[in-house]
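*Asks:* Predicted structure and sequence below. I'll ask about it afterward.
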Amino acid sequence: MKTFGARLRHAMHHFGPVCVGIDPHPGLLEAWGLPRDAEGVEQFAEICVEAFDGTVALVKPQVAFFETYGSAGIAVLERTIEVLRASGTLVLADAKRGDIGSTMDAYAHSWLGDGPLGSDAVTVSPYLGFGSLAPALELAHANHRGVFVLAATSNPEGAQVQRAATADGRTVAQAMVDEAAAHNVGAHLGSVGVVIGATLTEGPDLAALNGPILLPGVGAQGGGPASVRALLPESAYHAAVPNVSREVLAEGPSVSALRAKVSALQEDFAFLRH
């Protein structure tokens, strides 16, 4: 089996770099004329699967919007992941898990194992120390999956931690990027990526990362091709994965309208393709 990084690179070359979110936010359920319950979430997810399955490189379900409906919502998420992965579409579970020891190991097996929530990659938080991510990194490597490490997020509160200086003078965000980079040495495109807010005006140095760069904040939050160009060195363009959720989902529930919006965004970010 190819590594996650290799599979993602192939998918981005074939479909384009854009990652599309599946975020059944209560406001979107209402806008789509769906009930604000697990049944509405299931209908929402089914429409998204029809629109994005086999048409984009990476699909990112926001786990929280499924969890809020308890076991019924989780069951919808399980089916969504299963259908997408069965067809070969890569799935990034946006779970933002981060803990220590056996708890982190359990999270890793939930999202990167072969159980019903097993995905191609998962988002993780390193702010209990990068070393706390070891169970997820080890299982991802063993199972040819990927991990996206929160590094420099676009929310204003993030700066309190992420822009703080470490003992050697680097920002915490830069230290997280550098730790991720150490896991990608020697790969064509590594499987340990980072999350960098597309709306940031200044981010960490990504030149040595050699891994995918997830860029949330495109669209409704104000990020776009211009901000991505300004944020990334050209040498990192091939690894950039702009993430769009609300701007695309606002076009639903029409499958054709959702696909048309994704197609337009792929054109907007065509400069990232190599």
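*Replies:* Cool, got the structure.
*Asks:* Show me where the stretch 101-250 of the chain has its helices.
*Replies:* 101-112, 134-143, 159-162, 172-182, 225-231, 246-249 (DSSP state H, counting those that start in this stretch).
*Asks:* Can you name every helix or strand that the second one contacts?
*Replies:* Contacting helix 134-143 under the criterion 3 or more CB pairs under 8 Å, 6 or more residues apart in numbering; DSSP states H and E are the following elements: helix 101-112, strand 121-124, strand 146-152. Bear in mind the C-beta positions are built from the backbone N, C-alpha and C, glycine included.
*Asks:* Which strands and helices lie in contact with the longest helix along the chain?
*Replies:* Across the chain, the longest stretch assigned as helix under DSSP state H is helix 70-86. Identification of packing neighbours for helix 70-86 by 3+ CB pairs under 8 Å, 6+ apart yields helix 38-52, strand 58-61, helix 64-67, strand 90-97.
*Asks:* can we see that at 10 Å?
*Replies:* In terms of contacts (3 or more CB pairs under 10 Å, 6 or more residues apart in numbering; DSSP states H and E), helix 70-86 is packed against strand 19-22, helix 38-52, strand 58-61, helix 64-67, strand 90-97.
*Asks:* now the longest one, how far from the chain's geometric center?
*Replies:* In this case it means helix 38-52. 19 Å (CA atoms, centre = their mean, to the nearest Å).
*Asks:* ok, now the first one?
*Replies:* A distance of 8 Å separates the C-alpha centroid of strand 19-22 from that of its chain, computed with CA atoms, centre = their mean.
*Asks:* which parts of the helix or strand following it are buried?
*Replies:* Using DSSP states H and E, the next helix or strand after strand 19-22 towards the C-terminus is helix 26-31. Judged by neighbour count (16 or more other CB atoms under 10 Å), helix 26-31 contains these buried residues: Leu28, Leu29.
*Asks:* Check stretch 151-159 too.
*Replies:* Within stretch 151-159, the residues scored as buried using 16+ other CB under 10 Å are Ala151, Ala152, Thr153, Ser154, Gly158, Ala159.
*Asks:* average pLDDT across stretch 266-274?
*Replies:* Per-residue pLDDT over stretch 266-274 has a mean of 90.
*Asks:* Likewise for stretch 75-86?
*Replies:* Averaging pLDDT along stretch 75-86 gives 98.
*Asks:* how about that stretch as CSV, C-alpha atoms only?
*Replies:* Extracted C-alpha coordinates of stretch 75-86, given in CSV (Å, rounded to 0.1, in the frame of the first residue of the first chain):
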residue,chain,number,x,y,z
ALA,A,75,-23.4,6.2,13.0
VAL,A,76,-23.9,8.6,10.1
LEU,A,77,-20.3,9.6,10.3
GLU,A,78,-19.2,5.9,10.2
ARG,A,79,-21.3,5.3,7.0
THR,A,80,-20.0,8.5,5.4
ILE,A,81,-16.4,7.5,6.0
GLU,A,82,-17.1,4.0,4.8
VAL,A,83,-18.7,5.0,1.5
LEU,A,84,-16.1,7.6,0.6
ARG,A,85,-13.2,5.3,1.4
ALA,A,86,-14.7,2.3,-0.4
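*Asks:* I would like the residues contacting that stretch, please.
*Replies:* 22, 24, 38-46, 48-50, 52-54, 58-59, 61-63, 65-67, 69, 89-91, 93, 95, 111, 115-120 (CB atoms under 10 Å, 6 or more residues apart in numbering).
*Asks:* do that again at 8 Å, thanks
*Replies:* Identification of contacts with stretch 75-86 by CB atoms under 8 Å, 6 or more residues apart in numbering yields 22, 38, 41-42, 45, 48-49, 52-53, 59, 61, 63, 66-67, 69, 90-91, 93, 116-120.
*Asks:* now do stretch 99-110
*Replies:* Under the contact criterion CB under 8 Å, 6+ apart, stretch 99-110 has outside partners 95, 97-98, 115, 117-118, 128, 132-136, 138-140.
*Asks:* Go again with 6 Å.
*Replies:* Contact with stretch 99-110 is made by Arg97, Leu117, Leu128, Ser132, Pro135, Ala136, Leu139, as judged by CB atoms under 6 Å, 6 or more residues apart in numbering.
*Asks:* any chance of the helices and strands packed on helix 134-143 in JSON lines, plus distance to Gly217 and mean pLDDT?
*Replies:* Putting those into JSON lines (distance: least, CB to CB, whole Å; pLDDT from 0 to 100) gives the following:
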{"stretch": "helix 101-112", "distance to Gly217": "23", "mean pLDDT": "98"}
{"stretch": "strand 121-124", "distance to Gly217": "14", "mean pLDDT": "98"}
{"stretch": "strand 146-152", "distance to Gly217": "11", "mean pLDDT": "98"}
